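Attaching a predicted model along with its sequence, questions to come.
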Amino acid sequence: MSIEVKNLLKQYGEQKAVNNISFKVEKGEIVGFLGPNGAGKSTTMKIITGYLQQTSGEAYVSGINVNDDPLQAKKRVGYLPEANALYYDMYVKEYLAFIAEVHKINNRQQAIDKVIETVGLKTESKKKIGQLSKGYKQRVGLAAALIHDPEVLILDEPTSGLDPNQIIEIREVIKQQGKNKTVLFSSHILQEVEAMCDRVIIINKGQLVADDKLATLRNNSGSKTKIVLELKEIIADELMSSVFGKEISRSNPTTWKFETGDPEKLKKQILQLAIEKNLNIVSLQSESVNLEDVFRNLTA
């Protein structure tokens, strides 16, 4: 595997920022690393990348213990931190040349040109970093993480500050990198995680609360299915509540929303009511459980 953490603990006094968590991420996986603010995501990422020392437990990158051989481990990692620290007085190419020199890259100009093309920085590459928008500064940080062609990518909020078009472009960059690298990334934009990942790891208050395929988490979440009914007629609240109980709401005069653990049974009840009361159904749709539902159930 490319990333492995075993019984990882990071303690500040009495507070356990990361509390005895373990997981593995294999090559070719893009895994979403999720949790509320203060859950321990960034702390865990900093430990894996060697920027922070754990209290106990072990972290491995490409089979290398981060504590035992931090230099070799760091050579295999590309890291984009949430606080993307850059040298604003340097030009984009100048900064990337500096990063390439730190990594002792051969053929530096070729590596710089390639990574600029990869992250979509070509039009801004002759500017000073301080002159760039927040979204392009984020791309510079991603370019710096990728320039040495690492085996492992650790990305903390990689789409922060990007507009919708830029998000789609960076999403494609990450997906392409994930074909032959290990990618662990955190994001508060859960739609992005759903678009890129098959698997997510969720931590809450420093503890691991989920590590599974998205489809499995949805099926086992305990969240109720939402059903949306649109009628041609306006009918009384009392009629709907007398038949379906309290877990219904009206979003407009003719549209009703239900929550149920048995969607098929509910749909049959709705159709039966429509026949009995001669109601005209415009549409009847199920809204599947999404990652937001799973996240709220596990961390609320």
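The structure has been received and is ready for your questions. Residues are numbered from 1 along each chain as shown.

Chain neighbours aside, what residue packs nearest to residue 111?
Of all residues not flanking residue 111 in the chain, residue 105 sits nearest, at 5.1 Å (C-beta to C-beta, 6 or more residues apart in numbering). Backbone N, C-alpha and C define where each C-beta goes, glycine included.

what's the spacing between that neighbour and residue 176?
20 Å (C-beta to C-beta, to the nearest Å).

all helices for this protein, in order.
Assigned by DSSP state H, the helices in the chain fall at 41-48, 70-75, 92-102, 108-119, 134-146, 164-177, 190-196, 214-220, 237-244, 263-277, 291-299.

Now the shortest one: average pLDDT?
pLDDT averaged over helix 70-75 equals 92, rounded to a whole number.

now the third one
Helix 92-102 carries an average pLDDT of 95.

Where does the prediction get shaky in the protein?
Across the chain, the ranges flagged by pLDDT under 70 are 1, 221-223, 246-247, 288.

so what's residue 185 bridging to?
Counting by DSSP bridges, residue 185 forms beta bridges with residue 32, residue 155.

how deep is it tucked in, by neighbour count?
Counted with other C-beta atoms under 10 Å, residues neighbouring residue 185 total 25.

Tell me who's in contact with it.
Counting by C-beta atoms under 8 Å, 6 or more residues apart in numbering, residue 185 touches 30, 31, 32, 33, 153, 154, 155, 156, 158, 174, 196.

and if you look at residue 58?
Contacts of residue 58 (C-beta under 8 Å, 6+ apart): 4, 5, 6, 7, 8, 65, 67.

any idea how far it lies from residue 6?
Residue 58 is 5 Å from residue 6, by C-beta to C-beta.

for residue 129, same thing?
Going from residue 129 to residue 6 by C-beta to C-beta gives 38 Å.

Also residue 112?
Remark: distance between residue 112 and residue 6 (C-beta to C-beta) = 37 Å.

more crowded one of the two?
residue 112 (23 against 14).

ok, and the closest non-adjacent residue to the more buried one?
Using C-beta to C-beta, 6+ apart, the closest residue to residue 112 is residue 96 (4.8 Å).

Many thanks, I have nothing further to ask.
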